[in-house]
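1. sequence? don't have it. structure:
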């Protein structure tokens, strides 16, 4: 069997020997985009642009949509107590000055995007929450309501602001002060006019999707919005087209970004519902693919695995986003472009990064993670990546955040202490993995995936091939890592390390070694080593075994769902690859 390109396709529809090739606009296009963005932001400050934003403002909203998601109760209670708390930063309400923002990027997005309204409404009645909401809203209006500012008026922030202001209008528009109410509605109208021209200028991806989501919401909820609605629907469709692969995965390969875009579309759907309508059919179909791709990178407990700078999003948070989407679908196991292969059997789930990394445009914290995997047994995460380069709480050292992007911070092979793809300071990824060759087989309840990347070929003369096999029932995960000679031959042996970062609470109980560590070349024997792994609650016990390498247990860390760095352990296999290549096999086996 073959597809329309002539590539052979297995009976299950999976292409054999499929190659995923790294594509993107390149550094020149990224620079041009940034320069154009700077010119547009300079134009926003001119009197001519200010005149464009003038016009009649609405006397009221046409409808008030329901926020499709519940907020963080702890953050909401903190607001009632006079404090703003987010991602490790905390401010007293009395010190909040939007004209002189002295907080980090995550807090800025939370405050100026008005996501805190969701947290406040989760724990407060209108009577309790309105004084807090009106206080912060009035301060924002005094600083930025009539004066366009590069940061406060960023298109993605205005998109989110429109969504939150309209959904939580009872909190910010309950005041008897007619001047304040008029200022809120005037700013809302000005923000919508700003987005009419600025949404398409937002960076491609979730930022542009957020901006166009705001245009659509304004078209639905502000009077006279029919032309804006049609314009916004077309813009949102374009933004999703550039932000997503055809299989529903995010083009940035960030699961956290994909989840955020699912949330945005759920918010937009709530605005349609408030007006008695429905989103366009194409948008609903896109949302279904997105949810399937998102579920494909969850563990057995439905918590999100950590890739491309994202943290380990807890299962309850993911569940709320999926419920808000209204989509019921199965996890995507074999994506065409999203790249995260899912192996699942019984309670066990492995998520395998079998595609090139994102290129061209800056990712929040692009990572050199090709051929890394995460592995869980029900609710227990056995093998993880350190994660969190873009999701860590405020105060984490910059050097640590940079280290979280490296190949060594992922559960994969590192050759010659080098990253498989170069990490650049602006968040983009440089030379390295350009192509991944992929095979997949399903049989008798199990699955095998084999992938090969070329990230070390140019520098070190080896391709890295990894094979993962999850046996039926999920009680055994077998793996093999090979270094295959390709390109220029190295002059001597090259050292390599394979790391398996252990999940929080997973403890190596004992290590047994059988002697020397020779025999790596050609996949040969050598001694066998083993370690027992137990979960914190004693719910499961696994054994890890390998041969042909020195096995040690070292310190590691993991960024949890709150962005905190937690101490963990890692299994480390160390060996040398002679010029002819090397192969090393290992297995995780459940023993209880």
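-> Here it is on my side, so go on. What you are looking at is a predicted structure, and each value in this text was computed from that prediction instead of being measured.
2. ok, then the element right after the one helix or strand residue 554 maps to?
-> For residue 554, the element it lies in under DSSP states H and E is strand 550-559. Next along the chain after strand 550-559, taking DSSP H and E as the criterion, comes strand 565-577.
3. between that following strand and strand 550-559, how big is the angle?
-> Per axes from the mean of the first three to the mean of the last three C-alpha atoms, to 10 degrees, the angle that strand 565-577 makes with strand 550-559 is 150 degrees.
4. so what pLDDT did residue 151 get?
-> What the model reports as pLDDT for residue 151 is 87.
5. With the one 5 residues further on instead?
-> In the predicted model, residue 156 carries a pLDDT score of 97.
6. Enumerate every residue touching the closest residue in space to residue 574 that isn't next to it in sequence.
-> Leaving aside its chain neighbours, residue 574 sits nearest to residue 550 (4.7 Å; criterion: C-beta to C-beta, 6 or more residues apart in numbering). C-beta coordinates here come from the backbone N, C-alpha and C atoms, glycine included. Contacts for residue 550 (C-beta atoms under 8 Å, 6 or more residues apart in numbering) come out as 517, 529, 573, 574, 575.
7. JSON lines please, covering those residues and showing pLDDT.
-> Formatted as JSON lines, those follow (pLDDT from 0 to 100):
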{"residue": "517", "pLDDT": "33"}
{"residue": "529", "pLDDT": "90"}
{"residue": "573", "pLDDT": "97"}
{"residue": "574", "pLDDT": "97"}
{"residue": "575", "pLDDT": "97"}
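8. Distance check, the residue nearest to residue 574 against residue 188.
-> Distance of residue 550 to residue 188, computed by C-beta to C-beta, to the nearest Å: 63 Å.
9. swap in residue 219?
-> Distance of residue 219 to residue 188, computed by C-beta to C-beta: 13 Å.
10. now residue 429
-> 39 Å.
11. Also residue 91?
-> Taking C-beta to C-beta as the measure, residue 91 falls 25 Å from residue 188.
12. and residue 408, backbone torsions?
-> Backbone dihedrals for residue 408, given as degrees, to the nearest 10, come out at phi -60, psi -20.
13. residues near the closest residue to it other than its chain neighbours, how many?
-> Distances taken as C-beta to C-beta, 6+ apart place residue 414 nearest to residue 408, at 5.1 Å, with adjacent residues excluded. Residue 414 sits with 21 neighbouring residues when counted by other C-beta atoms under 10 Å.
14. likewise the one 10 residues further on?
-> For residue 424, the neighbour count with other C-beta under 10 Å is 13.
15. cool, and residue 79?
-> Residue 79: 22 neighbours (other C-beta under 10 Å).
16. can you give me the strands for the stretch 251-400 of the chain?
-> Assignment of strands within the stretch 251-400 of the chain using DSSP state E, counting those that start in this stretch yields the ranges 340-345, 348-353, 373-377, 380-384.
17. Out of these, which is closest to residue 77?
-> strand 380-384 (29.0 Å; C-beta to C-beta).
18. For the chain, which residues score under the pLDDT cut-off?
-> By pLDDT under 70, the low-scoring segments of the chain are 1-18, 22-52, 360-362, 510-526.
19. What distance do you get for the most centrally placed residue in it to residue 209?
-> In the chain, the residue lying closest to the centroid (C-alpha atoms, centre = their mean) is residue 256, at 2.4 Å. Separation of residue 256 from residue 209 (C-beta to C-beta): 14 Å.
20. Check residue 227 too.
-> Taken as C-beta to C-beta, the span from residue 227 to residue 209 is 21 Å.
21. more crowded one of these two?
-> Between residue 227 and residue 209, counted using other C-beta under 10 Å, the more crowded position is residue 209 (29 against 10).
22. secondary structure element for that one?
-> In the assignment (DSSP H and E), residue 209 maps to helix 206-221.
23. tell me what that helix is packed against?
-> helix 155-167, helix 178-198, helix 226-243, helix 255-274 (3 or more C-beta pairs under 8 Å, 6 or more residues apart in numbering; DSSP states H and E).
24. re earlier: and the residue nearest to the centre of the chain, what does it touch?
-> Taking C-beta under 8 Å, 6+ apart as the test, what residue 256 contacts is 304, 308, 309, 310, 311, 313, 364, 390, 391.
25. Closest to residue 71 out of these?
-> Once C-beta to C-beta is applied, the member of those that ends up nearest residue 71 is residue 313, at 15.2 Å.
26. residues in contact with the closest residue in space to the closest one that isn't next to it in sequence?
-> Excluding the flanking residues, the one nearest residue 313 by C-beta to C-beta, 6+ apart is residue 304, at 3.7 Å. Counting by C-beta under 8 Å, 6+ apart, residue 304 touches 255, 256, 259, 294, 297, 298, 310, 312, 313, 318.
27. Right, I'll call it a day here.
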